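Engineer: model this:
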Amino acid sequence: MAEPTFQQRLEYYGLSAVVWLVGRLPYGALRRLAAVVGSIAYHADKRGRQVARANLDAAFGDKYTPKEKARIAERSYQTFARTMLELFWAPNLSPERFQQLAVVEGLDHPSGHKEIGKPVIYLCLHYSNFEWMSLISAYIVEPGLVITQKFKNPLLGAIFDRLRSSTGHQIFPQERAMIRMLKHLKSGGKFSMLNDLNIDPDEAGVIIETFGGLKLCATQMHAALAMRTGALIMPVECHPMPDGRVRMHIHPPLEYPENATAAEVTQLCWNVLEPSIHAEPHLWLWAYKHWRFKPSEGDTSRYPFYSNTAKRFDKLVRETEKAAKKGAA
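Structural biologist: Down below sits the predicted model:
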């Protein structure tokens, strides 16, 4: 590995100092701090603010006024700030302490998903405190695997790896993740992953429809792994509670036909979780470029300004539509 640059070292020491400081704050102070930090970030991040507003226009049209959309976008920044601050605070968690800070619903499902040796994929969105959902699962079920993405600054990656494994999870890099997770599931393991990552059409994605017609190129990894190993797919979500605690809700295992395609399973996963975005839109990460690609044909006026066309995306759209017609026949 190349020698870190001065800027990379500066970023590392800066983030390390922030993590150290946040870890020594009382938990109750994090919400108030997140409201301030998130609001500052929203007003300072012009580009992200534009992306968030464009996404809200695409998803909701005229359901909300411009003023209401601006408030949703700002609160989304505050939600993400709270998620990061609580991740920085996570080394303070313990099996006893988490019970004071979190309420879990759906844990004792008849599927037996929490049994040792039962392969399960827990699926969530960039919604509310998605980081804590992964951390808490180590206590309520068992420690699992966490896939990490490369940072431009590898020194920062080491900090986040330490935080995300603070409750017992095992960290491994994104390279060859499919093979590693396949082996993990076949041995009866469990892991969590995000369902709303917009991937490049060249990366073996599938097309799903979101918000009544916006097409998104999503990862099919969870669907392919579940169909190959028989693992359960359990959608999960997290909601903040008025008293500062978080409520983690585990949905029943996803049900799908034996002959379902990976695209159909991925769509079903999204369909379970999207209603929560409609109910509490400020909890989703709107500053993320969810719709980086759009079809080159048809009415694409709903798509955000940053959306681009791509031949591979068009091909995936045609393949998805063809498979849907074949399945309906």
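
Engineer: what pLDDT, on average, does the longest helix seen in the chain get?
Structural biologist: Counting by DSSP state H, the longest helix found in the chain is helix 66-89. For helix 66-89, the mean pLDDT works out to 98.

Engineer: ranges for the strands of the stretch 51-200 of the chain?
Structural biologist: 102-105, 120-124, 145-148, 170-173, 190-194 (DSSP state E, counting those that start in this stretch).

Engineer: my read: residue 147 touches residue 174, true?
Structural biologist: Yes. Counting by C-beta atoms under 8 Å, residue 147 touches residue 174, with 5.6 Å between them. Just so you know, the C-beta spots here come from the backbone N, C-alpha and C atoms, and that holds for glycine as well.

Engineer: Which one's more surrounded, those two?
Structural biologist: Using other C-beta atoms under 10 Å, the more surrounded residue of residue 147 and residue 174 is residue 147, with 19 against 11.

Engineer: For residue 203, give me phi and psi.
Structural biologist: phi -100, psi 40 (degrees, to the nearest 10).

Engineer: Contacts only, for residue 245.
Structural biologist: 100, 101, 102, 103 (C-beta atoms under 8 Å, 6 or more residues apart in numbering).

Engineer: Look up how far residue 301 lies from the closest residue to residue 291 other than its chain neighbours.
Structural biologist: With C-beta to C-beta, 6 or more residues apart in numbering as the criterion, residue 291 has its nearest non-adjacent residue at 5.2 Å, and that residue is residue 307. Look at residue 307 and residue 301: by C-beta to C-beta, to the nearest Å, they are 11 Å apart.

Engineer: Looking at these two, which is more packed in?
Structural biologist: More neighbours surround residue 307 than the other of residue 307 and residue 301, with 20 against 7 (other C-beta under 10 Å).

Engineer: thought the more buried one was touching residue 290?
Structural biologist: No. Residue 307 is beyond contact range of residue 290, at 9.6 Å (criterion: C-beta under 8 Å).

Engineer: sorry, back to before: show me which parts of the longest helix of the chain are buried, residue by residue.
Structural biologist: 69-70, 72-89 (16 or more other C-beta atoms under 10 Å).

Engineer: out of the contacts of residue 245, who has the most neighbours?
Structural biologist: Going by other C-beta under 10 Å, residue 102 tops the contacts of residue 245 with 21 neighbours.

Engineer: quick one: contacts for that residue?
Structural biologist: 132, 136, 245, 246, 247, 248.

Engineer: Quick check: phi and psi on the third one?
Structural biologist: The phi and psi values for residue 245, taken as degrees, to the nearest 10, are phi -80, psi 170.

Engineer: Over to the fifth one?
Structural biologist: Note on residue 247: its backbone torsions stand at phi -110, psi 120 [degrees, to the nearest 10].

Engineer: Quickly list what it is bridged to.
Structural biologist: With DSSP bridges as the criterion, residue 247 is bridged to residue 103, residue 239.

Engineer: show me the contacts for residue 92.
Structural biologist: Contacts of residue 92 by C-beta under 8 Å, 6+ apart are 23, 27.
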